[in-house]
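Participant: What would the 3D arrangement of this be:
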Amino acid sequence: MSKLFPKDIKYLKNKRKITKVTGLNYFSARAIEEAGIDIIEQGIACVGTIGLNIEISTYEGFRCVGKSSAEAVKAYKNALVLQGLGVVWIEIECMPYKVAKEITGRLKVPTIGIGSGSGCDGQFMHSEDMLGLHNNYYPKHCKKYLDFYWDSVKALTSFKKEVSESLFPGKDNSFEIGESEFEKFRKRTVKICGLS
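Facilitator: Alright, predicted model coming up:
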């Protein structure tokens, strides 16, 4: 293990706090190697990621990673580094399904795919995409099982219209009181208010 400096110790303490909340930390092989310390040896559970990452999406845009053999080999080498570092599993994001399946078959740690086909050990999709919670771009690998965004817009528009036209709430959405009890209530409240 590398020598720990005060800034590294502060970093590790902060990572432990994050881990307590999220349970896991995501890293690329480069990020772990650049940290200069063996995070995993410090008892912090880590998940590795290959394929599309924040660096690629920020500087090159959202795209499939590993369409060339050179890029696919680089991703495989990164997966081996991550496995060697002791990650608990590896996320394979937006890679060709054949490449993801081949990498999965060669690793000892489980893989979770997002946009990388069914050959991974498990699958992941963001719930906001799956449930249609936004009106933004949906990547190719996403599947909307609901259209919650537009259904919500329609529901809220209908609610506003029915309230403004006094159609909601109706008797079906309201509670009843017996006539004799209502009359008693009126008489008692008139006395409370001092009205006759």
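Participant: Domain parsing of the chain, as residue ranges.
Facilitator: By the record's domain assignment, the chain is partitioned as 6-124, 133-196 (automatic domain parsing).
Participant: Contacts only, for residue 168.
Facilitator: Residue 168 is in contact with 159, 162, counting by CB atoms under 8 Å, 6 or more residues apart in numbering. C-beta here means a position set from N, CA and C on the backbone, and glycine is covered the same way.
Participant: Surely it forms part of a strand?
Facilitator: No - read with DSSP: H, G, I helix; E, B strand; the rest coil, residue 168 is coil and lies in no strand.
Participant: how about the helices in the chain?
Facilitator: Assigned by DSSP state H, the helices in the chain fall at 6-22, 29-34, 54-59, 69-85, 97-106, 127-130, 148-164, 179-193.
Participant: got CSV for the domains of the chain, with mean pLDDT too?
Facilitator: CSV is the format used below for the domains of the chain (pLDDT from 0 to 100):
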stretch, mean pLDDT
domain 6-124, 80
domain 133-196, 90
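Participant: now, of those, which is deepest in the fold?
Facilitator: Counting by mean count of other CB atoms under 10 Å, domain 6-124 has the highest mean neighbour count of the domains of the chain, with a mean of 16.
Participant: Run the chain-centre distance for that one.
Facilitator: Centroid separation for domain 6-124 versus its chain: 16 Å, with CA atoms, centre = their mean, to the nearest Å.
Participant: which residue ends up closest to the midpoint of the protein in space?
Facilitator: residue 126 (4.5 Å; CA atoms, centre = their mean).
Participant: Contacts only, for that residue.
Facilitator: Applying CB under 8 Å, 6+ apart, we find residue 126 in contact with residue 142.
Participant: try 7 Å
Facilitator: Residues in contact with residue 126 (CB atoms under 7 Å, 6 or more residues apart in numbering): none are found.
Participant: contacts for stretch 175-185?
Facilitator: In contact with stretch 175-185 (CB under 7 Å, 6+ apart) are no residues whatsoever.
Participant: chain center to that stretch, what's the gap?
Facilitator: Distance, centroid of stretch 175-185 to centroid of chain: 51 Å (CA atoms, centre = their mean).
Participant: Also stretch 136-149?
Facilitator: Its chain's C-alpha centre and that of stretch 136-149 lie 13 Å apart, by CA atoms, centre = their mean.
Participant: Can you measure across that stretch, start residue to end residue?
Facilitator: Taking CA to CA, to the nearest Å as the measure, stretch 136-149 stretches 10 Å from start to finish.
Participant: quick one: terminal-to-terminal distance for stretch 159-179?
Facilitator: Terminal residues of stretch 159-179 lie 30 Å apart, using CA to CA.
Participant: let's have the chain start at 342 instead
Facilitator: All set: I'll call the first residue 342, so the last point we hit is now stretch 500-520.
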